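S.K.: okay, predicted coordinates and the sequence, questions at the end:
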Amino acid sequence: MIYSKLKEVAKEIYVGLNVKNYLDKTEIDQNDSEKKITLYIPLINISNITEDGFFVGDFKRLKIFSQREILKYTVKEKDVIFNSRGTALKVAIVDEERAGYLITSNMIAVSLLDEFITPEIFEFYLRSEKGFYELMKLSFSSKNSIRLTKESVEELKVPILNPKELVSLSGLLNDYKIIKSIAKNISADLDKMSYYIMKILNKDEK
């Protein structure tokens, strides 16, 4: 297997918006030539991503007055995002619905050159034992905690596949994620059914 540094196969690697600093900025420069309009942009936080890489929950909205100010923190479809702080790694691929959302400063986004590695493969690699091990080697914190920077992530070793392998594996991983989601929903439904069945069977005799 051939490996390359992430910075060599990525179009862009960027850190999210420091929301606290942004919210503290209450004054608007009235001399700015750009017309000011109020926008409410949804914000992706770690809590909005499940361990399986699905988006959940309500997305807080950040009030802004200039889209130009936040463009560099705005995710694009197929970007891979993951947390740079915390005790458990959460990874997701930005879908069409979430494109244009912002990410917080405790998250990192990667736009890939997909002729080398696709988002599906990169996401799965980060979740794998090998990928997580390589990522944690770059962490500035203890063994059980994640603390990454843009600069450290740029040095991450990632696998490079040939074009045929890329297409085949990316399709397989996409199907895997869909089936896993269906299986998880079925499991949840079975748990509910089991609960109601046992509730009826264990009903006190009158």
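M.R.: All right, it came through fine.
S.K.: all contacts plus neighbour counts: C-alpha atoms, from now on.
M.R.: OK.
S.K.: poorly predicted segments of this structure, please.
M.R.: Applying pLDDT under 70 to the chain flags residues 21-37, 142-143, 201, 203-206.
S.K.: so where's the longest helix in it?
M.R.: Longest helix in the chain, counting residues (DSSP state H): helix 163-201.
S.K.: what's that one packed up against?
M.R.: helix 119-127 (3 or more Cα pairs under 8 Å, 6 or more residues apart in numbering; DSSP states H and E).
S.K.: who is Lys157 paired with across the strands?
M.R.: Lys5 (DSSP bridges).
S.K.: distance of it relative to Ile197?
M.R.: Separation of Lys157 from Ile197 (Cα to Cα, to the nearest Å): 50 Å.
S.K.: the longest helix of the chain: which residues count as buried?
M.R.: Across helix 163-201, burial judged by 16 or more other Cα atoms under 10 Å covers 166, 170, 177.
S.K.: burial count for Ser66?
M.R.: Residues near Ser66, counting by other Cα atoms under 10 Å, number 16.
S.K.: likewise for the one 3 residues further on?
M.R.: By the criterion of other Cα under 10 Å, Glu69 has 9 neighbours.
S.K.: pull the CA atoms of whatever helix or strand it lives in into PDB?
M.R.: Element membership of Glu69, judged by DSSP states H and E, is helix 67-70. C-alpha atoms of helix 67-70 as PDB (Å, rounded to 0.1, in the frame of the first residue of the first chain):
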ATOM      1  CA  GLN A  67     -21.400  36.300   4.400                       C
ATOM      2  CA  ARG A  68     -17.900  37.300   3.200                       C
ATOM      3  CA  GLU A  69     -16.700  37.100   6.800                       C
ATOM      4  CA  ILE A  70     -17.600  33.500   7.200                       C
END
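S.K.: what does it rub up against?
M.R.: Defining contact as Cα atoms under 8 Å, 6 or more residues apart in numbering, one finds that helix 67-70 is touched by 17, 39, 102.
S.K.: enumerate the positions of that helix that are buried.
M.R.: Using 16+ other Cα under 10 Å as the test for burial, helix 67-70 gives Gln67.
S.K.: could we number from 19 for the rest of this?
M.R.: With the count now opening at 19, the last piece we talked about shows up as helix 85-88.
S.K.: coming back round to it: now restrict the contacts of helix 85-88 to buried residues only.
M.R.: Buried members of these, counted by 16+ other Cα under 10 Å: 35, 120.
S.K.: which ones among the contacts of helix 85-88 are found in strands?
M.R.: Counting by DSSP state E, these place 57, 120 in strands.
S.K.: and the contacts of helix 85-88 as CSV, adding distance to Ile82?
M.R.: CSV is the format used below for those (distance: Cα to Cα, whole Å):
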residue, distance to Ile82
Leu35, 12
Leu57, 5
Leu120, 11
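S.K.: how close does Lys168 sit to Glu95?
M.R.: According to Cα to Cα, Lys168 stands 20 Å off from Glu95.
S.K.: again with Leu184
M.R.: Between Leu184 and Glu95 the computed distance is 19 Å (Cα to Cα).
S.K.: Lys195 too?
M.R.: Distance, Lys195 to Glu95, using Cα to Cα: 17 Å.
S.K.: before we move on, what about Ile121?
M.R.: Noted for Ile121: a distance of 13 Å to Glu95, by Cα to Cα.
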